[in-house]
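Asks: quick one, fold the following:
(chains A and B)
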Amino acid sequence: MVLVHKCCILFFVFFKVGIFSFGGGYAMLPMIYHEISVFGLMSQREFSDLVALSQMTPGPIGVNAAAYVGFRYAGIPGAVTASAGVTVPSFLLIALVIASLAKFKSHPAVNYIIGGIRPATAGMMAAAVVFIARGSILPEKISLYDFFHNPLQSIHPGSAAIFVIVLIGLKKWKTGAGIFSIHPILLTILAGILGILIL
Amino acid sequence: MIFMRYDSHRSSLIAIFLAFLRTGCFTFSGGLAMLPLIHREAVEKNRWLNEDELVDIISVSQSLPGVIALNVSVFIGYRVRGKAGAAAAVLGMTIPAVISIILIITTLFSLRGNVVVEKIFSGIVAGSCALILSAAYKVGKTAVIDIPSAVIAIVSFAGIICFGVHAAWAIVMGAAVGTVIYLVSRYTPPNIRNFKR
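Replies: Below is the predicted model of the structure:
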């Protein structure tokens, strides 16, 4: 496929992702996963790598993910196009908001709509966990039904141990405001080290 | 209007770019992690905003779609130097991410056959599950506060996992339910119980 064609696909895909991602980079993951499958941008295995890498690299997850997919699919032009795709919605939306600021903030319906979107975001993020867990903690292609029938047999013990350790580590060091500071990075490094030791 | 007023001493575009470059280099994993960094750059060092304005910008950015960190960058950049400022801010924010991803992919991935590298990656993926689960829980704690929101969350999750529904539909559904509840609360007579939000 021609490079320009690839870059157009990337821009289009990540523009969509940018428009629909409410509530942070993690919520983008199910959508990126879906788009990857639809357009055949990369394999499911590489998607897990994307998640692992986004933890380690600086910058917002959305941009990391876009640059990753873009680079794997179409080299440096792909990375730039995909990142641009994810960035442009921000410009447009904020221009829109600035133009209609008073109406946006004070209309009572806005709170209700946001109140509806936020739980959807939580559901999406939980779905992202399942996507990534498949192939890591859980066997690939497992369905929830199989999982609930044989929970103990399905779980990969080493990965599950790392999962639990990181989960506990997070809870212990979480700040009052619940904002992730540098600690997730230490935990990520720890997870990598544990990977060598346990897996 | 906080979004229309420009800074009184015109900061250069380079200054904006560098401020956001610094922020972009040190924001790891998640848009809200940029909060203390952007506070230091925008409020303390450059005095482009005060505390309240930053809080305002962040809450609006969170309600909008798109990468939160980028939304905040556009707002602040626009406020300081208009469209050019917004562009400078966004460039500063995204360039570290793009460059580091390209570097990591080219260097690290050439080692992919290596068993040790595989183990590191597998460990990190397992750890990421925990991180994202924790983030989902944090969002869920404040977002799922009544039955309709619980239903939205569960249906979104089930739809994406069990039925392969595109995630964007979850957003649309959530917005639609919110709208419906708003309309119901507005147009029912006061003696029927309103859904509180």
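Asks: pretty sure B:A135 contacts A:G25?
Replies: No - if you go by CB atoms under 8 Å, B:A135 and A:G25 don't touch, sitting 9.2 Å apart. (Glycine included, C-beta is placed from N, CA and C.)
Asks: pLDDT on stretch A:37-44, on average?
Replies: Stretch A:37-44 shows a mean pLDDT of 83.
Asks: what's the single longest helix in chain A?
Replies: Longest helix in chain A by number of residues (criterion: DSSP state H): helix A:61-99.
Asks: does any bit of that one sit next to chain B?
Replies: Yes - Helix A:61-99 lies within reach of chain B by CB under 8 Å from any CB of the partner chain, at A:61-64, A:67-68, A:71-72, A:76, A:79-80, A:83, A:86-87, A:89-91, A:93-94, A:97-98.
Asks: what strand or helix carries A:P184?
Replies: helix A:183-198 (DSSP states H and E).
Asks: put the alpha carbons of that helix into CSV.
Replies: Extracted C-alpha coordinates of helix A:183-198, given in CSV (Å, rounded to 0.1, in the frame of the first residue of the first chain):
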residue,chain,number,x,y,z
HIS,A,183,5.4,5.9,41.6
PRO,A,184,3.7,4.1,38.7
ILE,A,185,7.0,4.4,36.9
LEU,A,186,8.9,2.7,39.8
LEU,A,187,6.2,0.1,39.8
THR,A,188,6.6,-0.4,36.1
ILE,A,189,10.3,-0.9,36.5
LEU,A,190,9.6,-3.3,39.3
ALA,A,191,7.2,-5.2,37.1
GLY,A,192,9.9,-5.6,34.5
ILE,A,193,12.4,-6.8,37.1
LEU,A,194,9.8,-9.2,38.5
GLY,A,195,9.2,-10.4,35.0
ILE,A,196,12.8,-11.6,34.8
LEU,A,197,12.7,-13.2,38.2
ILE,A,198,9.3,-14.8,38.2
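Asks: that one packs against which elements?
Replies: Taking 3 or more CB pairs under 8 Å, 6 or more residues apart in numbering or on different chains; DSSP states H and E as contact, the helices and strands that helix A:183-198 lies on are helix A:44-56, helix A:157-173, helix B:115-143.
Asks: most packed of those helices?
Replies: helix B:115-143 (a mean of 23; mean count of other CB atoms under 10 Å in any protein chain shown).
Asks: for the record, mean pLDDT for it?
Replies: On average, helix B:115-143 scores 84.
Asks: please tell me how far it is from the chain's geometric centre.
Replies: 17 Å (CA atoms, centre = their mean, to the nearest Å).
Asks: same check, this time on stretch B:60-70
Replies: The answer for stretch B:60-70 is 5 Å, by CA atoms, centre = their mean.
Asks: now swap in stretch B:169-180 and tell me
Replies: Counting by CA atoms, centre = their mean, stretch B:169-180 comes out at 19 Å from the chain centroid.
Asks: helices and strands of chain A: which one bottoms out on pLDDT?
Replies: Of all the helices and strands that make up chain A, helix A:101-106 has the lowest average by mean pLDDT, DSSP states H and E, namely a mean of 66.
Asks: beyond that one, next helix or strand please.
Replies: helix A:108-133.
Asks: just the residues contacting stretch B:84-96, thanks.
Replies: A:58-60, A:63, A:83, A:87, A:90-91, A:94, B:11, B:13-14, B:16-25, B:69-70, B:73-79, B:81 (CB atoms under 8 Å, 6 or more residues apart in numbering or on different chains).
Asks: list the buried ones in it?
Replies: B:85-96 (16 or more other CB atoms under 10 Å in any protein chain shown).
Asks: and the residue nearest to A:A120 when sequence neighbours are not counted, how far from A:P119?
Replies: Computed as CB to CB, 6 or more residues apart in numbering or on different chains, the closest residue to A:A120 that is not its neighbour in sequence is B:G174, at 3.2 Å. Distance, B:G174 to A:P119, using CB to CB, to the nearest Å: 6 Å.
Asks: what about chain A, any weak spots by pLDDT?
Replies: A:102-105, A:171-183 (pLDDT under 70).
Asks: how's it carved up into domains?
Replies: According to automatic domain parsing, chain A comprises the domains A:3-133, A:146-199.
Asks: can you check chain B too?
Replies: If you go by automatic domain parsing, chain B breaks into B:13-110, B:144-187.
Asks: out of the helices and strands packed on helix A:183-198, which is closest to B:E51?
Replies: helix B:115-143 (21.6 Å; CB to CB).
Asks: on that earlier part again, for the longest helix of chain A, packing partners?
Replies: helix A:3-20, helix A:25-39, helix A:44-56, helix B:68-108.
Asks: how far off centre is it?
Replies: 14 Å.
Asks: so which bits of it are buried?
Replies: Quick answer for helix A:61-99 (16+ other CB under 10 Å): A:61-74, A:78-91, A:93-94, A:97-98.
Asks: and stretch B:93-113, by the same measure?
Replies: Applying 16+ other CB under 10 Å to stretch B:93-113 flags B:93-102, B:104-105, B:108 as buried.
Asks: which one of those residues sits closest to chain A?
Replies: Among the buried residues of stretch B:93-113, B:A97 lies closest to chain A (CB to the nearest CB), at 2.4 Å.
Asks: picking up where we left off before, how about the buried residues of stretch B:93-113 in JSON lines, adding pLDDT and distance to B:Y187?
Replies: Listed next are the buried residues of stretch B:93-113 as JSON lines, based on pLDDT from 0 to 100; distance: CB to CB, whole Å:
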{"residue": "B:M93", "pLDDT": "90", "distance to B:Y187": "43"}
{"residue": "B:T94", "pLDDT": "92", "distance to B:Y187": "45"}
{"residue": "B:I95", "pLDDT": "93", "distance to B:Y187": "50"}
{"residue": "B:P96", "pLDDT": "91", "distance to B:Y187": "50"}
{"residue": "B:A97", "pLDDT": "90", "distance to B:Y187": "46"}
{"residue": "B:V98", "pLDDT": "93", "distance to B:Y187": "49"}
{"residue": "B:I99", "pLDDT": "93", "distance to B:Y187": "53"}
{"residue": "B:S100", "pLDDT": "90", "distance to B:Y187": "52"}
{"residue": "B:I101", "pLDDT": "90", "distance to B:Y187": "50"}
{"residue": "B:I102", "pLDDT": "91", "distance to B:Y187": "54"}
{"residue": "B:I104", "pLDDT": "87", "distance to B:Y187": "54"}
{"residue": "B:I105", "pLDDT": "86", "distance to B:Y187": "54"}
{"residue": "B:L108", "pLDDT": "77", "distance to B:Y187": "57"}
